[in-house]
Structure formats: structure tokens, C-alpha cells
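>>> Sequence plus the predicted model coming up.
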Amino acid sequence: MKHVPHLKSNLSLRPKSLSAVAIAVIASFSAPVFADDSNVTASNLKASNVELINVFGDYSQLSLDQIAQSATIISSKQLNQRGASHLDGVVSLAPNVNFTSGASRGKYIQIRGIGERSQFSEPLNSSVGLVIDGMDVSGLGGMATLLDTQQVEVLRGPQATVFGTSGLAGVVNIVSNGPTDEPSGSFSISSATQDTLDVQAAYGFTMDNGLGLRGAIKQTTSDGFVKNTYLERDDTNNIDELSARLAASYNITESMSVNAQIFHVDTDNGYDAFSLDNDNVTRSDEPGKDTLDATAMSVNLISQTQWGQWRLQSSHTQSDTVYGYDEDWTYVGFHPWEYSSTDYYFRNRDSQNVELQASSNSSSSAQHKMQWVAGVLYKQAEDDLLREYTYADSDFTSLYTPSSTALYGQITMPVKAVSLEAGLRVEQQQIDYQDSNGFVENNDETLVGGKIALSYVRDMSTLYGFVARGFKAGGFNPDERVSDAQRIYEAEYNWHYELGVKSRLADGDASVRVALFYMTRENTQISDYDILVQDNDEAGNAQPVEFIDIIDNADTGVNQGVEAELSWQLNPNVDVGFNVGYLDATFSGFTRNDGSVIDKQRQAQAPKYTAHAFINMNLNDDLLWHVSVDAKSSHRFSDGHDEINPGYGIVNTRVTMPLSGALSGWELSAFVHNVTDKTYYVRGFGGFSNDPREYYEIPKGYVQFGGQRQTGVQVSYAF
């Protein structure tokens, strides 16, 4: 077993000046923490007119101000201000969080420098979990359409106790609105440039017999920002997404209740994003597709007892995805040296989860007693892949069947103003794999992770520190051309250390959260690739440059940084906020497929600085103005090549006019996304040439553009 360095001797955040400033900030905010011996409770916060926001993605389900970890909650108000129709439009609000596209949407999330960037033939073990209303849909980023959403929780750092192998870097937990006692609902329709239309509606109520229902539906369409000059079309990279949900709740007896839901997403998006000249103008004669047809459903049975409650939950997710693209990015007849091919991946995924959990009474009368949670979880999935590639001798098929059984437990023990939290998860992971090339493999391993945290709560401040161990299962590289030594990669573990302070200032009008973290990664999983440059065929026709995706292990990785979040209600008419992250993420001791050795390199999709700032102004009783800025410093697109994504800042704004009188509840809005029409990129490749005009001899970088300036209007109603 490798020695795990002690936190004190290794917390050497750079630049040192930033680390020193962060420590000073923590010290200054935590100083008043010890001045008052009165315990903070939910009633204290409510009495101070402080809005309580609970975190549902943690067993403690404490408020954001009290939970012993770094988290960002994106509220429904912020979602409305943003006008985002997908998760990729809001994750930048959280510090040290990034995303990549390489598809119709930014479906791959990175937290603190860790996370996948794509999926082709290889099975995907997600480093960042995606959970929607308690259903684990990790790896299906297209389902994050933000339909009727109450809040989006971004939990940073390992979440092994709660989410197991899906929570190595963190988890994005989407919580939807549920049935309400009184009728409630919403409706909105927005129209924007690029023929963009978004229509959504939701309605919830409870019947006289106690049955609560809520239904929601949403349709989003857009031509996108890409122009295809060969086909003379501007909709080859379009968005066409439909999502619907029905949720129900019912009290069977005074002590037993049941919740059920079904969620369906049907997307028919185009994928035509890359061009030889990097100008967002394509020449593809066979534009690609990025479609998803997915249904997730769950049933949750809860029984209250004198000592607490037990919960039985079962969920099922079935999805069919089609992902494919025009590999040559041009058309037949473009150049004498051209090749012409398409590459398509048809994936069917079927997964089931069953969980039995018991927990102690969490009522206010029991808040000073030991709290506990214990449970068992069984997960099983089947992933069928069909790859149709022009230059393959035959279609490639594979069957990937992971399953796991997990035992977990967590206790929280308060001792006066100090609370000790300890969690442990033991997960038995079984993976079976076989494909049409004759490769058959299985992997059976036991993964252990957890967390120990201390928090000190006084007045309206929380000082916390914790140590956590996260894990991610190993796996296989399916391509038969991968060497035997690289065919199998090992499980990754990390040790995570974090110190933080959360405080309410200015009579509760200001909220400050600061966290310092240091993470060591063992057997760091790195995404690499090999390039096969093929000779012309017998007729002299050019052959494509082919990529072989390879996941391998580096010896170690270090991810360390600082995060600060501030929100302040300056006066009844103005509130501001600022989130900033600093990240130093590197890996060491990695041998690339070409034999070169990397002693130390920055991790991909890990900008050193990220920031989000906003201001909301109530100009008068009839006009609200929102302005926000998202910024990222330059960073690597990939671990396997050296192309850099330049830093950028994006400005968004929205003006909203609430109506009154007979039209009370209605709002009219006008918005502009990317006000300055800043050019930025959401995916990049490099280390090869795809240009026949250069005889495929000059390697260069190729980029996928982010959204350009977009203006629109919205009409909405809520009650």
C-alpha cells in the first residue's frame, strides 16, 4: 500500500499568495464563530429571515450553510434568469466545474479537474455522477434537460459514501418540483434567434383522497449556430428535444407513504460541428446525429417508525442512443486526395437499482442525538453497442454488463457545538465484457471508500474539515489493436482533504463560503489515444486517419485549490454574487502510447481559474435587470495532445417585467446570451491532420465552437 502523505506537510497550494489570502479569509470569517455559545438551528435561521436551502444529495440533508462539504446550489430563480434549456448552460455557475461537448450538448462534466470528455467504443465509468430525482443516470448527460427543476446541486469532492463509484470527483444532483398541497404550476414560451423555441408547462396538485400529482412537459428546438455551405443548410447542428415527467405521492397510512415517477427524454439532435478551417462553417455531405430515447422510472416506499424510518426504492432506466458523424468533414469531390466515411455508435443501455435503507429519527427533538443511516444497494446494467464504420471490415458489437452490491453506513454524532460525521461504503463490483473481435474479459473487485468530517457551528457560521476516500472501478480497452499491457486498466482511488468555513454576515444578508482542498490520486485514469495513418488503397484512394481510444493509469495525480462563493443582498433592490475557483491539477508518471514518458503535466479540462459574477437590480416595481459573467482561464483540451483552449469570458443579461392586476403572475422577459459575441470553444482535438489540401501531412488543432450571441424574448406564468 502506498503511503498517504499527511495533509499538513503537502497542502502547498500555488501561487502561495493565493493560499495565504484564502487562509486569512477563513481566519477572519471564522473568528466570530467562537464568540457566541448559542447553537444555530433551523428556527434561528428562519427567525433571522435567512432563506434555508437544503442539500438533498447528502445523507445529512442539512442546509447549504451547515453541510460539511463544498457545494453549490443553483436555485430555480437562477435557472430562470439563465434561461438555460440544458445542464451545460448552468454548471459554470459553480467554481472549479467545467464541461466538454464533442456532441450536440455539453454532456461531460469535470469537477476539480476530474471527469470524462467523450465516449466512443469504450465502456464508460463516470467520474462525475448525474442523479435526477434519486435516479442514477450517470453517463446519460442528454437527460439533463432541466425540466421543472427545483434546484441543481453541484457536490464537489468524493461522494463515495452516498454514490459509490459514480462519485469519484463529485456529483450533480438535479431535484425536480414535486406535487403540492395546493394547485401550483408554471408555463413559459420563449423565442430566440437561430429559430430557437422553448415551450414548457407544469402543473401539480393533491386530490381529496390524498393522491398528489405533478406533470411537466418541455419542447426545445433550435437550428444551432453552424452553417453547412455544401448542403446550403443552417440546421445540421440543430437541437430538437422533448422531455416529460409525471410524479405521484400518496400516504398509504399515517406512517407509510409511496412516491413514484416516470421521466422520458426524446432528443433528435444533429451533430455537425467540426470544419477544416476552424470557422464554424462545415462542408459535410453526411452530417452526424446525436439522439437519445430514454425512460427512467422509480418507486419509493417509506415507512415511519418510532426510531426513524426505512425506505425501499427501485428504479429502472432504459435508453437508446445514436451518436455519429461525418469523419472527413467534407463531401465527395472536394479534393483528389479526399476520403469519405462516417462513424456511428448505436448503444442500448438497460439498468436497474434496488436499495433498502434505514435511518434514525431526524426530527428537531432528536437533533442533539446521534443520527445514523445504513443501507444496501444492488445495481445491474447491460450496455449493448453496435458500431458501423465505413472502413471497418465488419460491424463491431460489444456487450458490457456491470453489476455491484454495496453496503454503506453513516453516523453523525453531536457533542455540544461540534459534530462528528463518519461514513463508510464497501462496494463489490463485477464487470463482464465481450465483443465481436473475440475479446472476453471480466473484472471482480472490492472497492472501499468513505468520509470522516468534523464541523463546528456557532451563531450563523460553520467551520468544517474532512478527509474522504473516493474510488472508481477499473475497466477494459476494447480495440484489438491496443497492446496487451494496456488492454486492462486498474481502479482509481483518491484521498481528499478539505477545510472550509461558511458564514452569514450583515444580519444574514450576505453569505460567504470558502474551501481549501488537496487531493492525491492513485492509479490516475488517463484518456489517451493512438493515431493510425493508413496507406492509400490499391486504386490510390486516400484512407482516413484512424484513432484508437486508450484509457491507462498514471502513477499519481494531485488536484488542489481554493474556492470562494459570495452572495450579498446589498439593499432591497440590489443583490450581487461572485464565485471564484483556483485549481492546480497535475498527473505524473504516465507513459503515452507512443512510448514518451510524462513526468508531470496539467490535467485536461482543468482551468487554473474559473469565475462567475452576477448582479440583480430592481430598477423599479415593474423592471428587473440581471447581468452575469462566466470566465475561465486557458486549459488543455486533452491529456493526449497539447492543444490549448484559450481563456474567455461570457456576458449574459436579462430584463424582466412582472405584470400586475388581472395579469398578476405573468412576466415578460428579453434576454441576450453572449452579449459581446465572444468566440469560445467547447471541444478540441489535435495531433493530426484531416485536410486533404495539405495531403494530411500538417498536424493541427480542430475546435468546436460554443454558442454565439443570441437574443430572445419570453412570456411566463407561475402560480
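Thanks, I have the structure now.
>>> can you list the weak-confidence ranges in the stretch 251-400 of the chain?
Residue ranges of the stretch 251-400 of the chain with pLDDT under 70: 363-368.
>>> Going along the chain, name the strands of it.
256-271, 281-282, 288-304, 308-326, 342-360, 371-389, 396-415 (DSSP state E, counting those that start in this stretch).
>>> The third one pairs with which strands?
Pairing partners of strand 288-304, with direction, according to DSSP bridges: strand 256-271 (antiparallel), strand 308-326 (antiparallel).
>>> got TSV for the ones you listed, with distance to Lys227 too?
Placement of C-beta: from N, CA and C, glycine included. Shown next, in TSV, are these (distance: least, CB to CB, whole Å):
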stretch	distance to Lys227
strand 256-271	13
strand 308-326	15
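>>> Out of those, flag the one nearest Lys416.
Each of the strands paired with strand 288-304 has some distance to Lys416 by CB to CB; the shortest is strand 308-326, at 23.1 Å.
>>> how many neighbours does Val448 have?
Neighbours of Val448 under the rule other CB atoms under 10 Å: 12.
>>> so who does it touch?
424-427, 469, 471 (CB atoms under 8 Å, 6 or more residues apart in numbering).
>>> Spatially, and excluding backbone neighbours, which residue is closest to Ala294.
Ser319 (3.7 Å; CB to CB, 6 or more residues apart in numbering).
>>> can you check Val175 too?
Gln150 is the one closest to Val175 (CB to CB, 6+ apart), at 4.8 Å.
>>> Check Ala247 too.
Nearest one to Ala247, counting by CB to CB, 6+ apart, is Gln261 at 4.1 Å.
>>> who's the one you found bridged to?
Applying DSSP bridges, one finds that Gln261 bridges with Ala247, Ser298.
>>> My read is that it contacts Ala248, right?
Yes: here Gln261 lies in contact with Ala248, judged by CB atoms under 8 Å, at a distance of 7.1 Å.
>>> ok, these two, which is more surrounded?
Gln261 (22 against 17).
>>> Out of the strands paired with strand 288-304, flag the one nearest Phe120.
strand 308-326 (8.2 Å).
>>> circling back to that earlier point, when you filter the contacts of Val448 down to buried only, what's left?
424-425, 427, 469, 471 (16 or more other CB atoms under 10 Å).
>>> Columns pLDDT and distance to Arg693 on top of the contacts of Val448, output as JSON lines?
Shown next, in JSON lines, are the contacts of Val448 (pLDDT from 0 to 100; distance: CB to CB, whole Å):
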{"residue": "Leu424", "pLDDT": "97", "distance to Arg693": "59"}
{"residue": "Arg425", "pLDDT": "97", "distance to Arg693": "55"}
{"residue": "Val426", "pLDDT": "97", "distance to Arg693": "57"}
{"residue": "Glu427", "pLDDT": "97", "distance to Arg693": "52"}
{"residue": "Arg469", "pLDDT": "97", "distance to Arg693": "52"}
{"residue": "Phe471", "pLDDT": "96", "distance to Arg693": "48"}
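>>> Narrow these to those in strands?
424-427, 469, 471 (DSSP state E).
>>> returning to what we had before: contacting residues around the residue nearest to Ala247?
133, 245-248, 297-298.
>>> of the residues you listed, closest to Asp272?
Of the contacts of Gln261, the one sitting nearest to Asp272 (CB to CB) turns out to be Arg245, at 30.0 Å.
>>> The closest one: neighbour count?
With other CB under 10 Å as criterion, Arg245 counts 23.
>>> Contacts only, for it.
So Arg245 contacts 147-148, 176, 214-217, 261-264 (CB under 8 Å, 6+ apart).
>>> before we move on, the earlier item: out of the contacts of Val448, which is nearest to Ser127?
Nearest to Ser127 among the contacts of Val448, with distances taken as CB to CB, is Phe471, at 10.5 Å.
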